[in-house]
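Undergrad: below: sequence and its predicted model.
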Amino acid sequence: MSQVIEVRWHGRGGQGAKTGSAILAEVLFEAGKHTQSFPEYGAERQGAPMKAFNRVGDEPIRDRSGVLTPDVVVLIDPTLIDAVKPTVGGKDSTVYLINSPDSPANLKKKLGLKDSVKVMTVDATKITLEEFGQNRPNTPILGALAHFFKDVPLEAFVDHFTHKMGGKLPEKVLKANQNSIRRGYEEVQQG
């Protein structure tokens, strides 16, 4: 039986956690993986905390429950650190990817994690404000996630936008997405 990697996304409605989860599943599916992507909403309104989930494996995935013990936790909105308790269900091997200008070491302390736990940060908000003029943090987060899915090249994430969105998006927006993915990969801090 192959290993299934589970990802739990935390964000607020309208920030792109659901879309980021769906795009991650599409990119990894196109690379030959078996994938799942599904959201979980509380109050279904813009700005309300929500979760999205992924499962990724080399064989068909039968489990359809929520992700309780994630391998990766993605926190799109750093203001949710105290509100949603992103470490619940985390293991010593769980990797935390947080949209924040703060250092991994500071966030590790704030979350009360052991020194051995891996925390990655990327200032996805800054990247998208510079690239789009709007806060769309999911695309730089996808670039940062390429560090975790090492058997799928970064360009698979970039090319997904070219093939899936080419012709549907203005060229300027398409380029902003591509640049944001690359910058998310390049600007991630690991600790």
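TA: That came through fine.
Undergrad: now the element after the longest helix along the chain, going C-ward?
TA: Counting residues, the longest helix found in the chain (DSSP state H) is helix 171-187. Once helix 171-187 ends, the next helix or strand along the chain (criterion: DSSP states H and E) is strand 189-190.
Undergrad: show me what that next one is packed up against.
TA: strand 118-122 (3 or more Cβ pairs under 8 Å, 6 or more residues apart in numbering; DSSP states H and E). Yep, even glycine has a C-beta here, placed from its N, CA and C like the rest.
Undergrad: re the thing from before, and the longest helix of the chain, what's buried?
TA: Applying a neighbour-count criterion of 16 or more other Cβ atoms under 10 Å, one finds 174, 176-185, 187 buried in helix 171-187.
Undergrad: closest one to His10 out of those residues, please.
TA: Nearest to His10 out of these is Gly184 (Cβ to Cβ; 17.1 Å).
Undergrad: who's in contact with the closest one?
TA: For Gly184, the contacting residues are 122, 124, 127, 139-144, by Cβ atoms under 8 Å, 6 or more residues apart in numbering.
Undergrad: just the residues you listed: which are in strands?
TA: Of the contacts of Gly184, the ones assigned to strands by DSSP state E are Val122.
Undergrad: quick one: the strands in this protein?
TA: Under DSSP E, the chain gives strands at 5-12, 34-41, 49-57, 72-75, 95-99, 118-122, 189-190.
Undergrad: rebuild those strands as a markdown table, extending it with mean neighbour count.
TA: As requested, the strands of the chain are arranged in a markdown table below (neighbours: other Cβ atoms under 10 Å):
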| stretch | mean neighbour count |
| --- | --- |
| strand 5-12 | 24 |
| strand 34-41 | 17 |
| strand 49-57 | 23 |
| strand 72-75 | 26 |
| strand 95-99 | 25 |
| strand 118-122 | 23 |
| strand 189-190 | 16 |
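Undergrad: how far away is the closest residue in space to Glu131 that isn't next to it in sequence from Glu130?
TA: In space, and not counting its chain neighbours, Glu131 is closest to Ala176: 4.3 Å by Cβ to Cβ, 6 or more residues apart in numbering. Distance of Ala176 to Glu130, computed by Cβ to Cβ, to the nearest Å: 9 Å.
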